[in-house]
Every structure is written in C-alpha cells, then in structure tokens.
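Asks: Kindly return the folded structure for what I paste below:
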Amino acid sequence: FDLWARDKNVDSITLTSDDKALAECIKQWCLEREILFFWRFMASKKPPSTIGRKIYKCLPNMVKALAQITRRIWTCWPLRGVGLDSWMRSNGEISFFSYLFNLDQTGDWQGEFKSRFWTKLPDELSKNDCKTNWLHIYIADPSHPTAKHAKAKLEDFNKMGRGEQTHTSLESFLSWPVTLRALKDWFGVLKFAKILEPVVSKVDAEGVRLWPLFKDEWYSSLSGDSSLSAILNFNLLKEAVGLLPKQRAGVYLYEQQAWELALIYCWKDEGHGLLVGAQHTSLLDWNLRNFHDPRNYERLDYNDLPMPDILAVNGPAAMETAIENGYPECRLFEVEALRYLYLEDFRKEKEDFQIKKNDGLRLLVLGDYLESNTRNQMNLLVRTLVSSPIDIKIIMKPHPACIIDPKDYPEVDIKLSSDPLQDLLRHCDLAYSSPVTSAAVDA
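Replies: Predicted coordinates for the structure are as follows:
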C-alpha cells in the first residue's frame with residue numbers, strides 16, 4: 001500500500017474495517033505524511049461471548065498462561081506414566097512422533113493401533129520384525145474425548161502391539177519437576193522479552209511502523225499461553241527423548257510446529273540417530289511456517305536452525321516448492337503420501353457411485369484449525385445460503401482443534417459429523433473448505 005501511494009496525490013484515507021491494529025497502523029502512516037485519516041468501524045458478526053469468556057479475554061497474558069497450563073496439567077494428569085516403563089525398556093530402534101487423533105476405528109477394530117496419518121506403515125514394519133516406539137501428542141477427539149479415554153486407548157495399543165509396538169504419550173512424562181523446570185524457563189523468557197521489546201517495537205519497514213499489527217502476537221508468543229505451553233512441551237520432549245534407549249532413526253510429522261523444533265534439538269542433544277521429517281499433507285508455499293531465509297539453513301555449529309536430517313516430501317510438486325524456497329536439496333527425499341493411499345479405492349468405486357439428484361445438494365464443510373478462520377468461513381457460507389433458492393443439506397466436519405456449535409449459526413441447518421473424511425466424501429456432492437486445511441486436497 002505504501003509503495004502504491006507514493007506516486008499518488010492522496011488527501012485523505014478512509015478505512016472500513018473492524019481491525020483496531022490495522023487502523024492504528026494506517027493512522028500513524030497518515031500522521032507522518034499529513035494526510036487526513038477516517039476510520040469507519042464495521043463490526044464483524046461474531047457469536048455472542050459468555051461472561052466468562054469476556055472476563056478471560058481481559059486478563060493479563062501471564063494470568064492467562066498460568067490458567068491454561070494449570071487446566072492442561074489437570075486435564076492430562078490421568079495420562080501420567082502411561083506406557084512409561086515399556087518406553088524406557090524398549091528394544092525398538094525406530095521412534096515415531098505423532099498426534100493422538102485421526103485414528104481409524106472402522107471395520108473390525110479390536111483395539112490395535114490404526115492411524116490415518118501412517119495407514120499401512122505400522123503393520124508393514126511389524127510384519128518385517130521391526131520393533132517401533134510411538135509417542136503421541138494428546139488431542140481431545142470424539143473417539144477419546146478425555147485423557148482417561150486416551151489412557152485406555154494407549155493401553156489397548158500396547159496390549160495389541162505384543163511388544164512389537166511401544167506406545168506412550170507426551171503427557172505421560174508429566175511430573176512436578178518437569179513442570180517446575182518449564183516455569184523456570186518461562187520466567188527466563190519473560191525477562192528476555194522485556195529487554196528485547198523496546199528494540200523490536202521501534203522496527204519499521206521503510207518508514208512504515210508495523211508494531212501495532214504484530215504487538216498482540218508478540219505478547220501472546222512470549223508471555224501468553226502459547227509461550228508457556230511450548231516451553232512445557234520442550235521439557236516433556238527432553239524428558240521423553242532422554243529416557244528412550246539409543247535410537248537408530250526417528251520420524252515425525254512435519255508441519256513446522258514449535259514442538260517439532262524442540263524435538264529436533266532434544267533428539268540431537270541426546271545423540272540419537274537419523275531424524276526424518278515426514279511431510280504428510282500438502283506443502284503450501286504461502287504458509288510462511290514451512291520455509292525460512294535460505295541463510296538460516298547454513299550450518300555454523302552455533303545457534304543453528306533446528307532441521308531434520310532428511311525432509312521426506314510427498315511428490316514432485318512438494319520437491320519443486322521446497323527447492324524454489326531455498327531448502328537444501330541434499331536434505332530432501334521424495335516419498336509417497338501415506339494418508340492419500342485410500343484415494344486409490346475411490347477410483348475403483350467411481351463407476352458404481354452415482355448422485356441421486358432428487359436428494360438435493362449435499363454440501364460438506366471442512367473447518368479450519370483456527371477459530372477466526374472458521375468463523376469467517378461460516379459467516380460467508382451463511383450469507384450465501386440465506387439467498388440461495390437451492391435445497392442444500394450441510395454436513396460440517398470441524399477440525400479436531402476447533403469444534404464449532406451449530407447454535408451459533410441459527411440461519412442454516414448444520415449437521416456435525418466426526419465420520420472419517422473418506423466416508424463423508426462418498427456421500428457429498430460438493431466440498432467447501434478453508435484456505436489452509438489439507439482436507440481440500442482429499443476432496
């Protein structure tokens with residue numbers, strides 16, 4: 001915008017938005033250039049908040065962080081110690097790090113470990129007498145809504161694994177010493193952030209001050225709940241990787257989340273073997289989490305960016321994207337995406353599958369993992385459907401990390417479903433997804 005406006009004769013700027021940070025940023029831009037600024041506040045439609053949510057929103061970041069970490073520890077405490085003994089005495093030399101959701105419990109499921117992330121891989125490894133260790137990050141899911149349900153599930157996995165597979169969770173390593181170390185680290189980060197903030201807040205981009213735009217995320221990342229949660233994850237991973245017998249190789253789901261960087265550091269610090277990041281879904285080149293300035297990939301043996309030894313990319317398109325963005329080609333290896341293997345079955349069924357036109361249009365809505373994105377997605381859908389003359393049946397599959405309430409959208413009839421995506425795709429005519437969910441690729 002600044003570049004565009006430089007050769008224009010601008011007398012005034014009118015911003016129509018509900019974004020206070022953006023308004024503050026553009027107001028400062030106008031003041032420095034002696035341009036009149038008007039803000040036409042446009043309230044966005046948001047579901048009404050409860051009194052509790054409103055009070056929580058007003059709390060300081062530090063209080064929010066302590067409240068959330070207390071809630072997390074209380075919620076996950078039943079998982080403490082689950083699979084710990086087997087993990088410490090494991091004979092397996094290959095470890096996998098993944099999430100405890102997206103499980104496949106269809107068919108004649110008897111309690112064995114079946115994951116839509118890894119599909120046939122665990123069974124193939126067991127058939128070839130390859131013993132493996134699995135560390136799962138707990139996320140509430142309809143198949144295990146509480147930590148007690150997750151505990152029972154992990155115990156089933158270990159029982160059915162018969163020593164070929166060892167299963168535990170990240171939260172199994174919870175203890176008071178680990179929690180206290182996390183709090184100590186967090187207070188160190190708070191001290192560092194206080195020193196750094198005056199410098200960071202004055203940074204501009206060729207005269208444009210951007211601090212208002214990222215101020216809230218700065219506070220949230222360094223003193224809020226995401227900060228303390230990430231530091232607790234680091235200490236849990238350090239404990240888990242430290243108690244694990246020396247490993248020949250490790251594999252983790254590659255999404256460039258904070259816990260992955262913590263895992264890389266802890267894994268190498270303990271002297272384990274090869275570490276592979278498995279890109280399990282689409283590699284979006286506009287997702288800035290995926291790539292860095294190419295200079296960060298250089299190895300200087302001092303504060304190096306944590307990187308896997310190999311990044312396993314699923315196909316030529318992902319390989320090309322990674323190389324174009326400066327990722328070291330010597331660390332890339334092309335593989336097949338396990339989670340999409342089921343699509344082969346769709347090709348076989350295509351001739352038998354016919355849509356009954358008299359049923360009306362069946363719309364599958366695929367939610368985002370961010371509440372704000374899902375809200376925007378749903379509001380756009382509501383505005384569209386209110387004026388549509390077509391009979392449309394809506395089935396909503398929320399992201400496991402962002403559950404929605406159909407009561408927030410009374411204008412349309414929404415049926416929530418936690419059924420597997422492949423089953424829902426078979427019975428819907430059209431899919432409507434957020435811009436970043438990988439479920440769009442399946443559709």
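Asks: Could you list the buried residues of the top helix by length along the chain?
Replies: Counting by DSSP state H, the longest helix found in the chain is helix 176-200. By neighbour count with 16 or more other C-beta atoms under 10 Å, helix 176-200 contains the buried residues 178-179, 181-183, 185-186, 189-190, 193, 197. All C-beta spots, glycine's among them, are computed from the backbone N, C-alpha and C.
Asks: Which residues does it contact?
Replies: 62, 65, 69, 73, 211, 218, 222-223, 227-228, 231-232, 234-236, 239 (C-beta atoms under 8 Å, 6 or more residues apart in numbering).
Asks: what does stretch 330-350 give?
Replies: 116-121, 278-281, 307-316, 318-319, 322-323, 422, 425-426, 441-442.
Asks: So Cys428 versus Val365, what's the distance?
Replies: 9 Å (C-beta to C-beta, to the nearest Å).
Asks: what sits in contact with each of the two?
Replies: Each of Ile395 lies in contact with both Cys428 and Val365 under the rule C-beta under 8 Å, 6+ apart.
Asks: Look up the pLDDT of Met307 for me, please.
Replies: pLDDT, Met307: 96.
Asks: I figured it hits Glu298, correct?
Replies: No. At 10.6 Å, Met307 does not count as touching Glu298 under the criterion of C-beta atoms under 8 Å.
Asks: Tell me which of the two has more neighbours.
Replies: Met307 (19 against 9; other C-beta atoms under 10 Å).
Asks: Can you name the residues that contact the more buried one?
Replies: Met307 neighbours (C-beta under 8 Å, 6+ apart): 264, 297, 331.
Asks: cool, Leu170 as well?
Replies: 135-138, 233, 236-237, 240, 259.
Asks: of all the residues you listed, which comes closest to Asp108?
Replies: Set against Asp108, the nearest of those by C-beta to C-beta is His136 (22.5 Å).
Asks: ok, that closest one to Trp259 distance?
Replies: His136 is 12 Å from Trp259, by C-beta to C-beta.
Asks: Just want to know which of these two has more residues nearby.
Replies: Between His136 and Trp259, counting by other C-beta under 10 Å, His136 is the more crowded of the two (27 against 18).
Asks: just checking, Val82 is part of a strand?
Replies: No. Looking at Val82 with DSSP: H, G, I helix; E, B strand; the rest coil, it is coil, so not inside a strand.
Asks: what number of residues lie near the residue lying closest to it once chain neighbours are set aside?
Replies: Spatial nearest neighbour of Val82, excluding adjacent residues (C-beta to C-beta, 6 or more residues apart in numbering): Ser172 at 4.7 Å. Neighbours of Ser172 under the rule other C-beta under 10 Å: 24.
Asks: By neighbours, which of the contacts of helix 176-200 wins?
Replies: That'd be Leu236 among the contacts of helix 176-200, by other C-beta under 10 Å, with 26 neighbours.
Asks: What are the phi and psi values at it?
Replies: According to degrees, to the nearest 10, the main-chain angles of Leu236 amount to phi -70, psi -40.
Asks: how close does it get to Ala140?
Replies: With C-beta to C-beta as the criterion, Leu236 and Ala140 are 17 Å apart.
Asks: and stretch 328-342, which residues are buried?
Replies: So stretch 328-342, judged by 16+ other C-beta under 10 Å, has buried residues 332, 337-340, 342.
Asks: do stretch 238-246 as well
Replies: 238-241, 244.
Asks: Closest one to Asp85 out of those, please.
Replies: Leu244 (12.5 Å).
Asks: Enumerate every residue touching the closest one.
Replies: Listed by C-beta under 8 Å, 6+ apart, the contact partners of Leu244 are 87-88, 90, 95, 133, 270, 272.
Asks: Show the buried residues in those residues.
Replies: 87, 90, 95, 133, 272.
Asks: from the residues you listed, which ones fall inside helices?
Replies: Among the buried ones among the contacts of Leu244, the members found in helices (DSSP H) are Trp87.
Asks: Show me the buried ones among the contacts of Leu244 that map onto strands.
Replies: 95, 133 (DSSP state E).
Asks: re the thing from before, may I ask which two of the contacts of helix 176-200 are separated the most?
Replies: Trp211 and Glu239, at 37.1 Å, using C-beta to C-beta across the contacts of helix 176-200.
Asks: Tell me, what's the model's pLDDT at Ile355?
Replies: For Ile355, the model assigns a pLDDT of 54.
Asks: Let me know the closest of the contacts of helix 176-200 to Leu288.
Replies: Of the contacts of helix 176-200, the one sitting nearest to Leu288 (C-beta to C-beta) turns out to be Trp218, at 16.0 Å.
Asks: so which strand or helix has that closest one?
Replies: helix 211-223 (DSSP states H and E).
Asks: How about residues contacting that helix?
Replies: Looking at what lies outside helix 211-223 - C-beta under 8 Å, 6+ apart - the contacts are 21-22, 24-25, 28, 61-62, 65, 189-190, 193, 197, 200-203, 226-227.
Asks: Quick check: phi and psi on Cys402?
Replies: phi -150, psi 90.
Asks: Which strand residues bridge it?
Replies: Residues in a beta bridge with Cys402, per DSSP bridges, are His399.
Asks: Please read off the pLDDT at it from the model.
Replies: 82.
Asks: Could you do the one 4 residues further on as well?
Replies: In the prediction, the pLDDT value recorded for Pro406 is 86.
Asks: which regions of the chain lie under the pLDDT threshold?
Replies: Applying pLDDT under 70 to the chain flags the ranges 45-48, 107, 347-359.
Asks: what's Ala21 in contact with, if anything?
Replies: 212-213, 215-216.
Asks: Oops, could you answer that again for Ile390 instead?
Replies: Contacts of Ile390 (C-beta under 8 Å, 6+ apart): 360-361.
Asks: let's go with 10 Å and repeat that
Replies: 360-361, 363 (C-beta atoms under 10 Å, 6 or more residues apart in numbering).
Asks: Roughly how far does Lys64 sit from Lys20?
Replies: In terms of C-beta to C-beta, Lys64 sits 19 Å off from Lys20.
Asks: These two - which one has more neighbours?
Replies: Lys64 (19 against 12).
Asks: Run through the strands of the stretch 1-150 of the chain in chain order.
Replies: 12-17, 36-41, 94-100, 132-138 (DSSP state E, counting those that start in this stretch).
Asks: For Cys402, which of the ones you listed is the nearest?
Replies: Per C-beta to C-beta, nearest to Cys402 of those: strand 94-100, 14.4 Å.
Asks: Tell me how many other residues crowd Asp285.
Replies: Asp285 - counted by other C-beta under 10 Å - has 15 other residues nearby.
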